[in-house]
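> Just the structure for this:
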Amino acid sequence: MAISFVVTTKMKKFDEIAAQLIAKQTLCDDAAQVEDLIETITTRHEGIRVLSFVNAHAVMRSTREPDFFNDLMQSHRLLRDGTGMAMIMQRAGAKPGLNLNGTDFIPCLLQQVPRSWKLALIGTQDPNLSLAAQRLRAMGFEHISTLNGFHPEEMYVEHVRRENPDLVVLAMGMPKQERVARHLAQDSQIATRSTLIVNGGAILDFLSGGASRAPYCMRRWGIEWLYRLLREPRRMYPRFRDSVAFAMLSQFHSKRIRTRLSQQTKAKNP
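Next up is the predicted model:
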């Protein structure tokens, strides 16, 4: 009985969290909508805007770490990342839209950002950090500050206060980057500015050339995770394990998630 109760409780938590993260997402159905989204989030206005991404690993981590879940939910925009999220949404009767993973979306975003913007690249470490900054300077950005991802969190707040960037790219991985984004957004000095904060995972490693993308065919088939698992088994195995658990849970509890999504829609549109 005790085991059954624990399992049921965990499943209920998964249903609730998955439904909330799905409902939070901004979806795009075609390239034109992606362009509109980028234009919207790069339009200057006072205040902080936090852009985050949600994938299967993020959902599973949210079931274990309430603070991480809250950080995702406090993001101003949450985009779908990966085939796992598409699968659970389709099973729950929701349209998944395009796969807006950070590795593809952030370079498109950077192409649209005005070259006069000040950038702060925070995360990873040299040489990848410096090489990513060098690549962005080659794209025309002149004002770029950098700080590696292994400092105490208060140092990042001080850095952003001092540098006053228009765009902050956090590339520390989950859950640290989302936590740092929250600290930045809640800082009394930074919150009054016009700042876009992007939680970018390994994006600076990809921009630097220090990390390679999977072949196009693997990306098209939605199995880039396999390429990364084979290249970095120690780092990627926990995410792979989460993805397997996520697939099983989404299979058995899609009806509950569908019901919760329906309830949330009715609550928003009574």
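
> the strands in the protein, which residues?
Listed in chain order, the strands of the chain (DSSP state E) span 47-54, 77-80, 118-123, 143-147, 167-171, 194-199.

> Need the winner for burial among those strands.
strand 167-171 (a mean of 26; mean count of other CB atoms under 10 Å). Quick note: C-beta positions are derived from backbone N, CA and C, even for glycine.

> list the helices and strands it packs on?
In terms of contacts (3 or more CB pairs under 8 Å, 6 or more residues apart in numbering; DSSP states H and E), strand 167-171 is packed against strand 118-123, helix 176-186, strand 194-199, helix 203-208.

> show me the contacts for the residue nearest the centre of the chain.
The centre of the chain sits closest to residue 53, judged by CA atoms, centre = their mean, with a distance of 2.2 Å. By CB atoms under 8 Å, 6 or more residues apart in numbering, the contact list for residue 53 reads 78, 79, 80, 81, 100, 101, 102, 105, 199, 201.

> Now do the buried residues in stretch 247-266.
249, 250, 253, 254, 256, 257, 258, 260, 261 (16 or more other CB atoms under 10 Å).

> Quickly list what residue 170 is bridged to.
Using DSSP bridges, the beta-bridge partners of residue 170 come out as residue 122, residue 199.

> Correct me if wrong: it contacts residue 180.
Yes. Residue 170 lies in contact with residue 180 (CB atoms under 8 Å); the separation is 5.7 Å.

> For these two, list the residues in contact with both.
Common neighbours of residue 170 and residue 180 (criterion: CB under 8 Å, 6+ apart): residue 122.

> Where does pLDDT dip in this protein?
Scanning the chain with the threshold set as pLDDT under 70 gives 1-12, 46, 212, 214, 223, 225-227, 229, 266-270.

> again, only this time at 90
Within the chain, the segments meeting pLDDT under 90 span 1-13, 42-48, 83, 173, 191-192, 206, 209-248, 250-255, 260-270.

> Helices of that one, residue ranges please.
Using DSSP state H, the helices of the chain run over residues 2-24, 31-41, 56-64, 66-73, 83-91, 102-112, 128-138, 153-163, 176-186, 203-208, 216-220, 224-231, 233-252, 254-268.

> How far away from the center of its chain is the second one?
For helix 31-41, the distance between its averaged C-alpha position and the chain's averaged C-alpha position is 17 Å (CA atoms, centre = their mean, to the nearest Å).

> wait, residue 239 sits on residue 58?
No. Residue 239 is not in contact with residue 58 according to CB under 8 Å; the separation is 9.7 Å.

> which of these two has more neighbours?
residue 58 (26 against 19; other CB atoms under 10 Å).

> so who does the more buried one touch?
Residue 58 neighbours (CB under 8 Å, 6+ apart): 21, 68, 72, 81, 174.

> The fourth one and residue 152, how far apart?
When you say that, I think you mean residue 81. Distance of residue 81 to residue 152, computed by CB to CB, to the nearest Å: 28 Å.

> quick one, which of the two is more surrounded?
Using other CB under 10 Å, the more surrounded residue of residue 81 and residue 152 is residue 81, with 24 against 8.

> was I right about that one contacting residue 100?
Yes. Taking CB under 8 Å as the definition, residue 81 is a contact partner of residue 100 at 6.8 Å.

> quick one: which of the helices and strands packed on strand 167-171 is nearest residue 166?
strand 118-123 (5.2 Å; CB to CB).

> Please work out the angle formed by the directions of that closest one and strand 143-147.
Between strand 118-123 and strand 143-147, the angle comes out at 20 degrees (axes from the mean of the first three to the mean of the last three CA atoms, to 10 degrees).

> outside of strand 118-123, which residues touch it?
By CB under 8 Å, 6+ apart, the surrounding residues in contact with strand 118-123 are 113, 129, 132-133, 136, 141, 143-149, 156, 159-160, 163-173, 177, 180, 200, 204.

> and that strand, C-alpha only, in CSV?
This file holds the C-alpha atoms of strand 118-123, laid out as CSV (Å, rounded to 0.1, in the frame of the first residue of the first chain):
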residue,chain,number,x,y,z
LYS,A,118,25.5,45.2,-25.7
LEU,A,119,25.9,41.5,-25.1
ALA,A,120,26.9,39.6,-21.9
LEU,A,121,28.0,36.0,-22.5
ILE,A,122,27.9,34.1,-19.2
GLY,A,123,28.7,30.5,-18.9
